[in-house]
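Undergrad: how would this look folded up:
(one chain, ligands or ions: 1)
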Amino acid sequence: MLHVENVTKIFGQTRAVDAASFSVGEPAMIGIIGRSGAGKSTFLRMMNRLTDASSGRIVFDGTDVLALKGGDKRAWQSQCAMIFQQFNLVPRMDVVSNVLHGLLNRRGTLPTLFNMWPKADIRRAIEILDRLGIAEQAGKRAEALSGGQQQRVAIARALMQDPRVILADEPIASLDPMNAQVVMDALRRIQQEDGRTVIANLHTLDTARRYCDRVIGMRDGRIVFDGVPAQLTLAAAREIYGAGAAFREQATSTAMDVPEDAPKDEAYAASLLAD
Ligand SMILES: Nc1ncnc2c1ncn2[C@@H]1O[C@H](COP(=O)(O)OP(=O)(O)OP(=O)(O)O)[C@@H](O)[C@H]1O
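TA: Have a look, this model is predicted:
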């Protein structure tokens with residue numbers, strides 16, 4: 001289904017992503033973890049063609065999506081929806097119109113500008129909101145919603161595209177733990193019920209362990225771990241986060257307690273690993 005082959009992105013002197021390779025055989029929930037600057041966002045942005053790769057191939061169902069141009073590229077972007085940490089909704093626009101904007105690629109800008117949507121599309125948008133438990137918010141301005149609700153609107157907008165793949169770039173980094181759970185539960189449910197692939201950049205090891213079928217660990221642009229959550233041992237976490245020998249398993253728990261005199265590396269890793 002998906003083959004990532006030696007994908008590399010170079011910014012000046014920086015190899016933001018360095019010969020990343022992995023394959024996905026069937027729809028799954030995949031978490032990408034790693035410290036800040038590891039290359040996680042750059043990888044997702046190459047995958048849905050927001051950024052061009054320097055070299056490599058990303059082959060989805062036999063097509064190298066990195067080579068697509070024009071309408072074919074836009075069609076892929078519609079198959080490969082993206083969700084961002086800051087939701088990227090139009091704040092003053094109502095929720096249902098924000099969701100309908102997921103069809104922008106397909107419907108063109110003119111009808112969108114005048115908010116002229118076929119009834120069937122509006123009905124579908126409300127059904128999707130209902131599925132995510134926020135149909136009653138449909139008429140409100142997006143800015144009036146909580147962060148967790150806004151992220152669910154962003155997921156609804158992505159689903160409006162009926163994508164094969166959902167890319168989520170730190171989808172819960174701006175949310176409190178309760179809203180984070182609601183959003184991760186929604187992504188997991190969509191992945192399982194619809195058979196879509198979800199690839200999510202995640203800040204915390206706990207979340208990756210809890211929700212993902214497979215975890216990919218990046219460090220300095222390279223994939224240094226690729227396995228199931230059970231294989232994510234303390235040694236693997238050290239390798240991914242670059243934490244020193246003092247890094248302890250407790251640091252991967254939500255209920256962590258880092259001593260004041262802990263080495264800097266450990267405190268840093270702990271802050272990354274906290275939910
Ligand atoms: N547009 C750009 N121009 C130059 N360098 C960039 C650009 N985008 C990213 N980089 C660099 O590429 C590397 C990887 O960045 P990236 O944002 O992909 O990491 P990340 O793992 O997503 O980090 P974070 O969790 O902080 O978002 C970093 O060294 C970053 O400074």
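Undergrad: show me the shaky parts of the chain.
TA: 105-115, 243-275 (pLDDT under 70).
Undergrad: where exactly do the strands run in it?
TA: 2-11, 14-24, 29-33, 55-60, 63-64, 80-84, 165-169, 197-201, 214-219, 222-227 (DSSP state E).
Undergrad: pretty sure I166 sits against G195.
TA: No: contact criterion CB atoms under 8 Å: I166 and G195 do not qualify, at 11.8 Å. For every residue, glycine as well, the C-beta is placed using N, CA and C.
Undergrad: the two: which is more packed in?
TA: Under the criterion of other CB atoms under 10 Å, the comparison of I166 against G195 puts I166 first, with 24 against 11.
Undergrad: so what's the more buried one bridging to?
TA: Counting by DSSP bridges, I166 is bridged to A81, V198.
Undergrad: D226 too?
TA: Following DSSP bridges, D226 is listed with bridge partners I216.
Undergrad: geometrically speaking, which residue is the centre of this structure?
TA: Note on the chain: the residue nearest the mean C-alpha position is A168, at 1.4 Å, using CA atoms, centre = their mean.
Undergrad: need the contact list for that one.
TA: When contacts are counted by CB atoms under 8 Å, 6 or more residues apart in numbering, A168 touches M82, I83, L187, V198, I199, A200, N201.
Undergrad: gap between the top helix by length along the chain and the chain center?
TA: Longest helix of the chain, by residue count under DSSP state H: helix 177-194. The gap between where helix 177-194 is centred and where its chain is centred comes out at 12 Å by CA atoms, centre = their mean, to the nearest Å.
Undergrad: swap in stretch 176-191?
TA: 12 Å.
Undergrad: what residues does this structure put near the ligand?
TA: Residues of the chain found near the ligand (CB under 6 Å from any ligand atom) are F11, T14, A16, G34, S36, G37, A38, G39, K40, S41, T42.
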